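Engineer: Turn this into a structure:
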Amino acid sequence: MSKQNEDEEAIGASPTRIADPGLRMEAKKAFVWAIVIGSIALFVLLSQSLLVIFGALVFAAMLDGGARLLGRVLPIGRSLRVVLTMLLVAAFFAWLFYFAGTTIASEAATLPQILTEQIGRLAEWAEARGIAIDPNNVQQMASQLSSGIGTVTRAVGGVIGGLTTLLLIVIIGIYVAVEPRIYERGVEWIAWTEDRDYLRGTLDEMAFNLRRLMFGRLVGMVVEGIFTWAMLAFYGVPMAALLGLLTGILAFIPNIGAVISGLLMVLVGFSAGVDTGIYTIFVYFFVQTIDGYLLIPLIAKKTVDLAPALVLASQLILGVLFGLIGLALADPIMAMLKVALERRAKRYEENAPEAARPAAEG
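Structural biologist: Down below sits the predicted model:
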């Protein structure tokens, strides 16, 4: 019987079959490693596209949050509420550019020149006190800063960089915001049947926290921008409108955005005099104190509370890998990862045997 089975196996065996069990096991390991490496390579290749998709989800979360807020006062369909939210946002930007666009555009054209002059003066001040500075490095840093700020100010003035990427984010975000359940069900179908309820709960919690996170971020942007503009304009600081707008935009990027806006504010302030420069330092710390000790704690209680060092590290890594879009999306990405890991840990604790729980807790 054994001989017959061996003959049948030999007759029906594939020419590519590895007879040696040891070699067959090594071939399986090599195949697994090939899949892992191929998946990593595919992820790297598609990383920019994946970030665009995630950016669209972030935009959809903001539209969804606005539609939910309107739903509390307007008993109309979801699609109409999403459209109304977009119209309100478009009306705000139209007002901003029509009524403040001329002033901001003229200030934006002058800002890079002021920054270059102030960095040169700072270098001269340092050299006068015995600090050796290479003029070439100063010139290079000034030109890079002016170029970067020029890009931002050109975007503020109406010339939007990366128009294709922005358009894709907006279009995908609108589709997701209008009918999110279609895409949620599509993601759920990927999982095993017994895991779909768990995945559905994870997606709902992610969406809830993302809406809260983006709402808090928008509130922080508005508060910082308005306070900065009002306090700078009250003292007569040059470019108060532009600095307020840039502060509000950069507030979308925690930690790093505040540092950049503070440097811009102080450099412009000292260009108008020492007293004005000292006042801009006061304004910066006052606004950041309100944001750091009042807004952020209140927002953190309602959403995912992330450690500042963790957020900063993720911003540095994603900023180096993917540029501005990685820097801007680092915080939402970390928030979603935290929700997924917390849900996973909670599920493990619920399914763990009773005898194993005390050991895990200890």
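Engineer: Please count neighbours and contacts with C-alpha atoms only from this point.
Structural biologist: Will do.
Engineer: was I right about S79 contacting V178?
Structural biologist: Yes - at 5.4 Å, S79 and V178 qualify as touching, with contact defined as C-alpha atoms under 8 Å.
Engineer: out of the two, which sits in the more crowded spot?
Structural biologist: Remark: of S79 and V178, V178 carries more neighbours, 19 against 15, as counted by other C-alpha atoms under 10 Å.
Engineer: Now do the contacts for the more buried one.
Structural biologist: Applying C-alpha atoms under 8 Å, 6 or more residues apart in numbering to V178 gives the contacts 78-79, 82.
Engineer: Which of those sits closest to L199?
Structural biologist: R78 (24.0 Å; C-alpha to C-alpha).
Engineer: Just the mean pLDDT for stretch 53-71, thanks.
Structural biologist: Taken as a whole, stretch 53-71 has a mean pLDDT of 87.
Engineer: tell me which residues of it are tucked away?
Structural biologist: 53-68, 70 (16 or more other C-alpha atoms under 10 Å).
Engineer: which SSE is L218 in?
Structural biologist: If you go by DSSP states H and E, L218 is part of helix 196-235.
Engineer: Show me what counts as buried in that helix.
Structural biologist: So, applying 16+ other C-alpha under 10 Å, buried residues of helix 196-235: 196, 198-200, 202-203, 205-207, 209-229, 231-232.
Engineer: Now do it: which elements does it pack against?
Structural biologist: Here helix 196-235 touches helix 47-71, helix 180-188, helix 240-250, helix 274-290, helix 296-302, helix 324-351, going by 3 or more C-alpha pairs under 8 Å, 6 or more residues apart in numbering; DSSP states H and E.
Engineer: Just name the most buried of these.
Structural biologist: helix 240-250 (a mean of 24; mean count of other C-alpha atoms under 10 Å).
Engineer: what are the C-alpha coordinates of that one, in CSV please?
Structural biologist: Extracted C-alpha coordinates of helix 240-250, given in CSV (Å, rounded to 0.1, in the frame of the first residue of the first chain):
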residue,chain,number,x,y,z
ALA,A,240,0.0,92.5,11.1
ALA,A,241,-2.7,91.0,8.7
LEU,A,242,-0.2,88.7,7.0
LEU,A,243,1.5,87.6,10.2
GLY,A,244,-1.9,86.8,11.7
LEU,A,245,-2.9,84.8,8.7
LEU,A,246,0.4,82.9,8.6
THR,A,247,0.2,82.2,12.3
GLY,A,248,-3.3,80.8,11.8
ILE,A,249,-2.2,78.6,8.9
LEU,A,250,0.9,77.3,10.6
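Engineer: pLDDT below threshold where in the chain?
Structural biologist: 1-20, 99-111, 115, 123, 125-163, 292-294, 296-305, 352-362 (pLDDT under 70).
Engineer: F252 in helix, strand or coil?
Structural biologist: Look at F252: counting by DSSP: H, G, I helix; E, B strand; the rest coil, its state is coil.
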